[in-house]
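Trainee: Below are the sequence and a predicted model; questions follow.
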Amino acid sequence: MPELPEVETICRDVRRHLVGARIERVRVLKPDVLRGIARQAFERHLTGRRFRSVGRRAKHVVMALDDGRRVVIQPRMTGSLLVAEADGTKDPHVAIQVRLESGKRLLYRDVRRLGAVFLLTPGEWGAYHAGLGPEPLAPTFTRSRLGALLAIGRLAVKKAIMDQRRLAGIGNIYANEALWLARIDPSRPARAIDATETRRLHRAIVDILSRAIASKGTTLRDYRTGLGARGRFQSRLAVYGRRGERCRRCRRRIVLTHAIDGRATYFCPGCQR
DNA sequence: CATGACACCTGCTCGC
DNA sequence: TGCGAGCAGGTGTCAT
């Protein structure tokens, strides 16, 4: 569920509680969220370590430890990370609890348990990082880089901007919203997007992600910030979840289709070409 | 290599 | 009220 703005919000919220803090105890309650490491090894490795930094890459939370390894969390559809004051192990959906020296708990909660948690060496992190596309909010993400990643292959533009190897962090909600902002039909072949449209799409992507972060993300169902609050961007969505409502630009009714990759695609047939 | 189908899970909503 | 079907913000694997 969480896309770039939601994960960014989570990181900002939990960072100040974690950086420099010593890990007193780790409890993995749902071992199937761990990838490539067993429960005991994960718990043993983290206990006694300190968090050195908390950051985001694509839609993933990256927490560096003082031994150089990194805990990487992919929340996927229903995962959430939050700092709590009290024990969370009674909550049936808490997969991992990390108790800090402050007494606070870092909880990884995941109703569907589709999320994934990794413990990576510096070398493994390098490969992980390299497998993801550019960060859309980094200064290095330019119009020409967007143009280059759209030019390859024959897939729909919506699929192209959601492909994490091409561009990191955009999911279904913000893909729909960015394409509406840019007035581009989501089903258009990516390679057919011209320079003017690429310019509009670049601006739309940066704009929608920045504004969503400023609103602490979009809460439709499960998503919560790192402090357990709801995001506010859902009230700003122009097309996502608004089938049958009128386009705020041209007054035509918003259409829903599942023709692209089987995912919900909302668009305005009046002004998205 | 690109692409599409499917799997992974649970919970919620809707129609009957 | 109960029940089955369909759906959900993501990503990895497998066959073609």
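Mentor: All right, it came through fine.

Trainee: Tell me who's in contact with the closest residue to A:Arg273 other than its chain neighbours.
Mentor: Nearest residue to A:Arg273, sequence neighbours excluded (CB to CB, 6 or more residues apart in numbering): A:Asp185, at 5.6 Å. For every residue, glycine as well, the C-beta is placed using N, CA and C. Applying CB atoms under 8 Å, 6 or more residues apart in numbering to A:Asp185 gives the contacts A:179, A:267, A:272-273.

Trainee: any chance of those residues in a markdown table, plus pLDDT, neighbour count and distance to A:Pro136?
Mentor: Conversion of the contacts of A:Asp185 to a markdown table gives the following (pLDDT from 0 to 100; neighbours: other CB atoms under 10 Å; distance: CB to CB, whole Å):
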| residue | pLDDT | neighbour count | distance to A:Pro136 |
| --- | --- | --- | --- |
| A:Leu179 | 97 | 29 | 14 |
| A:Phe267 | 95 | 24 | 20 |
| A:Gln272 | 97 | 23 | 20 |
| A:Arg273 | 95 | 10 | 23 |
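
Trainee: Please narrow those to those residing in strands.
Mentor: Among those, the ones falling in strands (DSSP state E) are A:Phe267.

Trainee: Make JSON lines from the contacts of A:Asp185 and add distance to DNA strand B to it.
Mentor: Formatted as JSON lines, those follow (distance: CB to the nearest atom of the strand, whole Å):
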{"residue": "A:Leu179", "distance to DNA strand B": "17"}
{"residue": "A:Phe267", "distance to DNA strand B": "18"}
{"residue": "A:Gln272", "distance to DNA strand B": "20"}
{"residue": "A:Arg273", "distance to DNA strand B": "21"}
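
Trainee: and the gap between the residue nearest to A:Arg273 and DNA strand B?
Mentor: 16 Å (CB to the nearest atom of the strand, to the nearest Å).

Trainee: A:Tyr108 versus that residue, what's the distance?
Mentor: In this view, A:Asp185 and A:Tyr108 are 38 Å apart by CB to CB, to the nearest Å.

Trainee: is stretch A:205-221 anywhere near DNA strand C?
Mentor: Yes. For stretch A:205-221, a contact with DNA strand C is found by CB under 7 Å from any atom of the strand, at A:217-221.

Trainee: I'd like the average pLDDT over that stretch.
Mentor: The average pLDDT within stretch A:205-221 is 96.

Trainee: Check stretch A:111-120 too.
Mentor: pLDDT averaged over stretch A:111-120 gives 95.

Trainee: still on that earlier bit, of the residues of stretch A:205-221 next to DNA strand C, just the buried ones, PyMOL syntax please.
Mentor: Applying 16 or more other CB atoms under 10 Å to these leaves a buried subset, and the PyMOL line that selects it is:
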select buried, chain A and resi 217+218+219
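
Trainee: can you list the residues of stretch A:205-221 next to DNA strand C in TSV and add secondary structure and distance to A:Asp67?
Mentor: Converted to TSV, those look like this (DSSP: H, G, I helix; E, B strand; the rest coil; distance: CB to CB, whole Å):
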residue	secondary structure	distance to A:Asp67
A:Gly217	coil	31
A:Thr218	coil	36
A:Thr219	coil	35
A:Leu220	coil	38
A:Arg221	coil	37
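
Trainee: of the residues of stretch A:205-221 next to DNA strand C, closest to A:Val94?
Mentor: A:Arg221 (17.7 Å; CB to CB).

Trainee: helix or strand for the closest residue to A:Arg25 other than its chain neighbours, which one?
Mentor: Spatial nearest neighbour of A:Arg25, chain neighbours left out: A:Arg99 (4.4 Å); criterion: CB to CB, 6+ apart. Using DSSP states H and E, A:Arg99 sits in strand A:94-100.

Trainee: same for that strand, what does it pack against?
Mentor: Helices and strands touching strand A:94-100, by 3 or more CB pairs under 8 Å, 6 or more residues apart in numbering; DSSP states H and E, are strand A:23-28, strand A:105-110.
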